[in-house]
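Colleague: Provided below are the primary sequence and the corresponding predicted coordinates.
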Amino acid sequence: MDVPDVDVTLEDMKTALESIRLLQNASLDDSGLDPEVIERVRNPREQPFKIADENALLSIKIFLAVANASEETYNAIREAIMGRFPDVGILTLYKVKKMIEELTGVVGQKEDMCINSCIGYTGPYAALERCPKCGQDRYCPVKLRAGSKVARQTFTSMLPSTQVQAFFASEDVSNEMGWFHETALRIIASTQPGATSLSEFQDIVSSAELLRRVADGSIKAHDAVLMFSIDGAQLYQNKESDCWMSLWLLGNIRPDKRFKKAYVLPGVIIPGPNHPKDLDSFLFPGFYHVAAVMREGLAVYHTGLRARVNSDLFFAFGMADGPGMAMFEGTVGHHGAFGCRVLCGLLGRHKPGCPHYYPALLRPLGISVADGEHEDVLLASLRGPSVEEYDRNLRLLLSARNENQYKQLRRATGLCKPSIVSGLPRALPIPFCFPPDLMHLSWLNIPELYLSLWRGTIKGSTQSDPKTWVCAVWATDEKWIAHGRRVERAMPFLPGFFDRPPRNIAEKVNSGYKATEFKTWFYNYAPAMLRDELPEAFWEQLCELVRGLTLLYAETVMPEEVVESKQQLSAAVLHHELLYYARDPDRLHVVRPCIHSVWHAPDMIVLLGSLICLTQLPMERLIGDLGGQIKQPSNPFANLAQRALRRCQENAIKALDSRLDRTQVTLSRLPRGALDLGGGYVLLRARDRCAREIPREEAAAFFDYLSCHESERYVGQERASFAFRVQKWARLRLPNDTVVRSAWKEQEKPLKRLRMARCVKHGQFSATSTTLEVAEVRYFCEVGESRRPVALVSVFGPCDEGLYERSRKTVQLHTYQGNSCLRVVDVKSICSVVGMIPDKGAQDVDFETDYVHLHHGSEYFLVEKLGFEAKILGTPDQEMEVDE
C-alpha cells in the first residue's frame, strides 16, 4: 500500500517531545485501564492454571472451534447439544466471551480518534475536542446536543503485558520463554575474549547489541524481549478500506515457534479511511502501557518454576516498511537529502527540476563541485549506525526556534522529530532498534526497479527514452510476452511449498503480482532466464546482487558468508551506477534508495542478528489472516478490531490450558498409514498393495546398493541377471516438514495438473567429505533384512561449473540423465526438495499430454526456497494433508 509523505512541522516535533515526556513518567494508575485490569497486571494468579468446570471447558472448546464462523453457528451448536443433553450447561455466547476475558485478563483499550484518521486523542491531544490537522469535531454533534459525548470514531489497542503473563503461566510455554537468555549465555561463554566476530549468526540472539545487554545484566533470565511491527493495509481491493495495524513478537521464544499464529500478538488497529498524520498518537496507548510496566516491573507466575518472578519488559526492535519507518523513527524519509535509514551520513544528490534526492555515489557529469555538487563518494567512507551521531543530530534539531530554522536543520540532519521509542526506559538505543526491512527492499522494491529498467518503463527521464537504453531488453512486446510465457511454463516444475508460484509476469504484473511471486521470479528465475537476454555486464551485475542478498536469507549465516555478501553487494551497487546511471544527470533517479539500503544489510547482521527475523513477513501474514476473517463488510474496521482482540484472547487461553489447543494434537498426529522412520522422516501413502518385480535397470541399482550393505547375502549373483521385487511408497516427509513426492505417482498426471516435488538434494557421505547431488526420486521402499528405508533416484548430471562461477554461484545447470544414472540411496540422505526448471530448449512439450515431465538429455536449472524462510517462515506443506 502506497503511503504519502507526511509533512512534519516544528509544532509536530514539540508534540512528539510532549508524548515522550509523558512516557517517561508513565504509571499504570494513569493509563486509563479499569482498576480490575491494573490489579491483574500487578498481581497475577499464582497457581498452575486449569479450567475445572467441565461445562465451561466444553463451552470454550466450542467457541474456539467455530472461531471463523458466525455467532449464529455457536448458538445453533449450543441449542443442539442442550436439546439432546439438558443437563449439560453450555454457556451463552456472551458469557463464554466474558469468561475468556476474565480468565486471560486480555482486554482492548479503546480511544477516540479523528474521523479522518489524522490523530488519536491520546497523550498531548487527549483534551482536544477538535482535530488540529483537519478541524473535524471529535464528538458526534447529534449526541453532543443531547448531552452525551460519543466519539465519531475510535481505535483499539491490545496490551502485551497480560499476554506475556499468560505465556509464563502456561505449562508448555513457560520454559520456552527462557530460550533467548539461555542461548545468549551459551554464545557469550563460547566466544573467545577479543574475538571480532561470532562463529555464526542465527536469529536476533546473535545480535552484538543484545548480547552486550545480556552480558551486563540489562536483560535478565525472565525478561520479555519485545519486537514491534506496524504496517498499512488495504482490506478490500476495490473498496476504500485502508487501515493500519501492528503486532508484538516475543524474542524469548525460539524462531521456529515465534512466528506461529499462537505467538503473534496483535497490537493496535487504526481505522481509515486516510493515513495517520501523527502515527505516535495512535501508538501512544500501547507504548504508555509498556513504559509504565517497564517502570514498575511485570510480575508473572512462572509455572515451570512454580514461583512468582519479575519479568522486566525490554524493547528490542521496531519494524516497519520505508514510509512507515520514517514516521516511526522520526526521519525525513528515503527521498530526503540524508534519507538513509541506517543514518550512514551519505548526502543524496539532487536532480534538477525534481524535489527528491537520490543516494548516488558518483557525481553526475556536467555538474561541478562549484555548482553545488559534491565529489564521488567511496563506499568504504560511509559509517555504520551510531548512537552518538543520532543524539548529536537530534540535539541540533531540537535547538530550532522557528519554522525556517527547523526546516534547515531537518535537511541537515535527516531527522524530523524524536521517536516515541525514546520515551521507553528499557530499549535498544536509536538507531539500533530500527532494522532495515529486508523483505520490502529485496522482494518488492528491487524487482520492481529492475523490471522497469529492463522494460524501459521507468519514469523520470526528460532527455532520453528509457526504451532506447541498452538495458531495455523487453522494450518490445514480442520479447516481453515470450519471457512471460516462459515464466508461466515453469510453474509445474516448482514444488507446492513455494506458496504462490510466479504467474505469467507479462500478463499479470499490473494486476496484483504478489511479493512472493516477485521474489521467486527475481532471485530464482532471473539469473538463469536472463543470461542470454541481458548484455553480459548487466547480467553479471544482476548475479552479484542476487548472490549478495540470497546469502543473507540462510537460517544460519557464517562470518565468511557475511564477508562475501558485502563484497558482492558492494560490486552490485557500484556496477548499478556505472551501467544504469552512467553519471547521466537525466538518469539519476535510477539510483533508488533500495539499492543503497541493501548494501548495509551484511553489516546490520553483525549488529542486530539475522535480518530475516526482523522483516514485515509476520505483519503481512497477520494482515491477510485477520482481514480474511472480517464478517461485517459494512463496518470492517470495528470488526477487524474485534477479531484482533479475539485472537489475543484465544492465544492466551490456549497457552494457559493446553487442552484447548488442537494445533499440538494435529501436528503430533501422523496421517493414516504413515510409517515413522525416526529423526523427523516419515513415509507417507500411497503404498503399493504388494511387492512387485521391477525392471532390470532398476534392479541393477538395488543390486549395487545391497551388495555394499548386505554383501554376504548376494555372493555369487550377477548384476546383469539380478531380479528384485519391491513394495513402493509414494511420498516422504522430511524433518523440515516438506514432502518429497515420487515419479511413481506424479507421472499419472500431465504437466498441466502438476506442481512437481520429486527433485531433491541428497548427500553422498564419505569419511572425509559430503557431496550434495541433485536427483529425481522414482519411488521409496524398504529393503534388506533390516527393512532399510531407501529411495530409487535418477541422479542429474554434474553442475555446469563454468556457468556457476560466472553467475556468482546463482545458476546451477544440470542435465537430466534418466535411466542411465539410477541409484539407490538411504532416505535419510535426502536433505531438501528443490525445483528443476527447464532451461531454454527444454520447454517445447505439450503440457496437456506430457506425462514424463523430465526428458533425457534436457537441461534444467535448480531452484531452492530461500533457506530461513523455507524452514521458519514458510507455510506448512499442504502435502501433509493429502491422503493418497
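Modeller: Done, it's in.
Colleague: Every contact and neighbour count from this point should use C-alpha atoms.
Modeller: OK.
Colleague: Show me what the helix or strand where Tyr406 lies is packed against.
Modeller: For Tyr406, the host element (DSSP states H and E) is helix 403-413. Applying 3 or more CA pairs under 8 Å, 6 or more residues apart in numbering; DSSP states H and E, one finds that helix 403-413 contacts helix 387-398.
Colleague: ok and the helix it packs on relative to helix 403-413, angle-wise?
Modeller: Taking axes from the mean of the first three to the mean of the last three CA atoms, to 10 degrees, one finds helix 387-398 and helix 403-413 inclined to each other by 160 degrees.
Colleague: Please state the offset of helix 387-398 from the chain centre?
Modeller: Computed by CA atoms, centre = their mean, to the nearest Å, the chain-centroid distance of helix 387-398 equals 32 Å.
Colleague: In it, which residues are buried?
Modeller: By neighbour count with 16 or more other CA atoms under 10 Å, helix 387-398 contains the buried residues 390, 393-394, 396-398.
Colleague: could those residues be laid out in a markdown table, adding pLDDT and distance to Tyr125?
Modeller: Converted to a markdown table, the buried residues of helix 387-398 look like this (pLDDT from 0 to 100; distance: CA to CA, whole Å):
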| residue | pLDDT | distance to Tyr125 |
| --- | --- | --- |
| Tyr390 | 94 | 27 |
| Asn393 | 93 | 27 |
| Leu394 | 93 | 23 |
| Leu396 | 94 | 26 |
| Leu397 | 93 | 23 |
| Leu398 | 93 | 21 |
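Colleague: what does whichever strand in the chain runs longest rub up against?
Modeller: The strand that spans the most residues within the chain, counting by DSSP state E, is strand 770-783. Outside strand 770-783, the residues that touch it by CA atoms under 8 Å, 6 or more residues apart in numbering are 726-732, 741-744, 758-765, 788-796, 798, 827.
Colleague: which intervals of this structure have sub-threshold pLDDT?
Modeller: 1-7, 237-241, 368-372, 632, 664-668, 765-770, 841-843, 867-884 (pLDDT under 70).
Colleague: Report the central residue of it.
Modeller: Leu617 (2.5 Å; CA atoms, centre = their mean).
Colleague: Assign a three-state SS to Pro285, would you?
Modeller: The three-state label given to Pro285 by DSSP: H, G, I helix; E, B strand; the rest coil is helix.
Colleague: Against Ala528, how distant is it?
Modeller: 50 Å (CA to CA, to the nearest Å).
Colleague: Leu211 now?
Modeller: 40 Å.
Colleague: Show me which of those two is the more surrounded one.
Modeller: Using other CA atoms under 10 Å, the more surrounded residue of Leu211 and Ala528 is Ala528, with 26 against 23.
Colleague: my guess is the more buried one contacts Phe861, does it?
Modeller: Yes - using CA atoms under 8 Å, Ala528 is in contact with Phe861, at 7.2 Å.
Colleague: what touches both of the two?
Modeller: In contact with both Ala528 and Phe861: 811, 839, using CA under 8 Å, 6+ apart.
Colleague: and the residue nearest to Leu250 when sequence neighbours are not counted, how many neighbours?
Modeller: Distances taken as CA to CA, 6 or more residues apart in numbering put Leu226 closest to Leu250, at 5.1 Å, once the chain neighbours are dropped. Here the count is done by other CA under 10 Å, and Leu226 has 20 residues near it.
Colleague: Tell me if Leu226 really is in a strand.
Modeller: Yes - under three-state DSSP, Leu226 sits within a strand.
Colleague: bridging residues for it?
Modeller: Leu250, Phe315 (DSSP bridges).
Colleague: Likewise for Ile269?
Modeller: The partner residues for Ile269, given DSSP bridges, come to Thr156, Met245.
Colleague: Roughly how far does it sit from Gly304?
Modeller: 33 Å.
Colleague: Looking at these two, which is more packed in?
Modeller: Between Ile269 and Gly304, counting by other CA under 10 Å, Ile269 is the more crowded of the two (27 against 16).
Colleague: For the stretch 551-700 of the chain, which segments are assigned as strands?
Modeller: 675-678, 681-687, 692-693 (DSSP state E, counting those that start in this stretch).
Colleague: hang on, the earlier thing: give the other helices and strands that the helix or strand following the helix holding Tyr406 contacts.
Modeller: Where DSSP H and E defines the elements, the next helix or strand beyond helix 403-413 is helix 438-439. For helix 438-439, there is no helix or strand it packs on, judged by 3+ CA pairs under 8 Å, 6+ apart.
Colleague: so how far is the first residue of stretch 708-717 from its last?
Modeller: Using CA to CA, first and last residues of stretch 708-717 are 13 Å apart.
Colleague: follow-up on the earlier one: can you list which of the contacts of strand 770-783 are found in strands?
Modeller: 726, 729-732, 759-765, 788-795.
Colleague: picking up where we left off before, what residues of the longest strand of the chain count as buried?
Modeller: 773-783.
Colleague: Out of the contacts of strand 770-783, which end up buried?
Modeller: By 16+ other CA under 10 Å, these give 726-732, 741-744, 758-763, 789-796, 827 as buried.
Colleague: which outside residues touch stretch 116-136?
Modeller: With CA under 8 Å, 6+ apart, stretch 116-136 has contacts from 15, 18-19, 22, 111-115, 137-139, 155, 270-279, 281-282, 284-285.
Colleague: ugh, typo on my part, it should be stretch 391-406
Modeller: Contacts for stretch 391-406 (CA under 8 Å, 6+ apart): 9-10, 409-410, 413, 415-418.
Colleague: would you turn those into JSON lines with distance to Met177 and neighbour count?
Modeller: Below are the contacts of stretch 391-406 laid out as JSON lines (distance: CA to CA, whole Å; neighbours: other CA atoms under 10 Å):
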{"residue": "Thr9", "distance to Met177": "42", "neighbour count": "15"}
{"residue": "Leu10", "distance to Met177": "43", "neighbour count": "21"}
{"residue": "Leu409", "distance to Met177": "44", "neighbour count": "20"}
{"residue": "Arg410", "distance to Met177": "42", "neighbour count": "27"}
{"residue": "Thr413", "distance to Met177": "40", "neighbour count": "23"}
{"residue": "Leu415", "distance to Met177": "36", "neighbour count": "25"}
{"residue": "Cys416", "distance to Met177": "37", "neighbour count": "27"}
{"residue": "Lys417", "distance to Met177": "35", "neighbour count": "27"}
{"residue": "Pro418", "distance to Met177": "32", "neighbour count": "26"}
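Colleague: so what's Cys243 up against?
Modeller: 232-235, 269-275, 637.
Colleague: Tell me if I'm right that Leu378 and Leu361 touch.
Modeller: Yes - under the criterion of CA under 8 Å, Leu378 is in contact with Leu361, at a separation of 6.9 Å.
Colleague: Which one of these two is surrounded by more residues?
Modeller: The residue with more neighbours, out of Leu378 and Leu361, is Leu361; 22 against 10, by other CA under 10 Å.
Colleague: Okay, the more buried one and Trp599: tell me how far apart.
Modeller: Taking CA to CA, one finds Leu361 at 12 Å from Trp599.
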